[in-house]
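S.K.: I would like the atomic coordinates for the input below:
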Amino acid sequence: MIPTSFPSREEIARLTARMFLEIGAVDFNAATPFTYASGLKGPTYIDCRKLISYPRIRSTLMDFLTMTVLRDAGFEAFDNIAGGETAGIPFAALVAERMGLPMSYVRKKPKGYGRNARIEGAMTEGQRVLLVEDLTTDGGSKLSFVDAIRETGASCNHTAVIFFYGIFEGTEQRLADHGVQLHHLCTWWDMLAEAKSAASFDAPTLDGVEEFLNDPRGWQDRHA
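M.R.: Modelled structure (predicted):
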């Protein structure tokens with residue numbers, strides 16, 4: 001069921017950050033940097049998969065994500081909701097349920113046997129597909145999923161994520177150059193603001209994270 005009312009973008013970002021912090025899905029550690037899926041390193045880590053174990057939070061965030069996409073892209077803009085393997089699959093299913101649309105998913109690579117498919121579920125030529133994932137760092141993995149969708153003859157001009165790092169320059173432009181608009185709920189800047197407000201971490205840790213967010217490439221060079 002599609003929700004009929006929702007908070008402002010700013011309140012959605014704040015509440016989303018608060019929920020992540022509340023369930024311990026965020027970790028800050030400048031002493032031992034984390035390695036991201038993109039291969040980049042940093043003192044911040046977020047585990048979106050943890051959300052599926054918290055029904056109230058899961059439901060609220062999927063309402064937020066659904067309404068964010070409908071508000072920005074249109075209420076009749078899509079025919080199919082696709083999840084990216086593996087983290088995007090549960091969230092795509094939840095968004096598809098709210099929109100009343102078919103759901104499919106995209107493998108990272110052909111499975112290597114049988115039909116050797118990358119797309120699972122029914123996706124047909126001419127369908128307008130929304131790609132749903134848990135997060136994006138620099139947008140790189142989204143392009144492969146988008147290309148796989150387009151190879152079916154469907155179009156994919158939008159991707160929606162719960163969390164967008166929002167610190168690596170050129171990410172949104174990189175997607176835009178590929179004909180894809182990014183929709184998201186919150187970024188590391190929103191998370192840092194809420195973590196400061198709630199005193200979720202000690203001051204030196206928060207200062208170290210802020211240093212990273214202001215200059216991630218420089219921070220990575222200094223901590224190589």
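S.K.: list the contacts of the residue lying closest to Glu22 once chain neighbours are set aside.
M.R.: Of all residues not flanking Glu22 in the chain, Ile57 sits nearest, at 7.6 Å (C-beta to C-beta, 6 or more residues apart in numbering). Placement of C-beta: from N, CA and C, glycine included. Counting by C-beta atoms under 8 Å, 6 or more residues apart in numbering, Ile57 makes contact with Met19, Glu22, Ile23, Leu51.
S.K.: what's the following helix or strand after the host helix or strand of Arg71?
M.R.: Under the criterion of DSSP states H and E, Arg71 resides in helix 55-73. The helix or strand immediately downstream of helix 55-73 is strand 80-84, counting by DSSP H and E.
S.K.: only C-alpha atoms, please: export that next one in PDB.
M.R.: Extracted C-alpha coordinates of strand 80-84, given in PDB (Å, rounded to 0.1, in the frame of the first residue of the first chain):
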ATOM      1  CA  ASN A  80       8.900  -3.300 -12.900                       C
ATOM      2  CA  ILE A  81      11.100  -3.000  -9.700                       C
ATOM      3  CA  ALA A  82      14.500  -4.700  -9.900                       C
ATOM      4  CA  GLY A  83      16.700  -5.500  -7.000                       C
ATOM      5  CA  GLY A  84      20.500  -5.800  -7.300                       C
END
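S.K.: mean confidence for stretch 166-174?
M.R.: In this model, stretch 166-174 carries a mean pLDDT of 92.
S.K.: mean confidence for the helix holding Arg71?
M.R.: Mean pLDDT, helix 55-73: 96.
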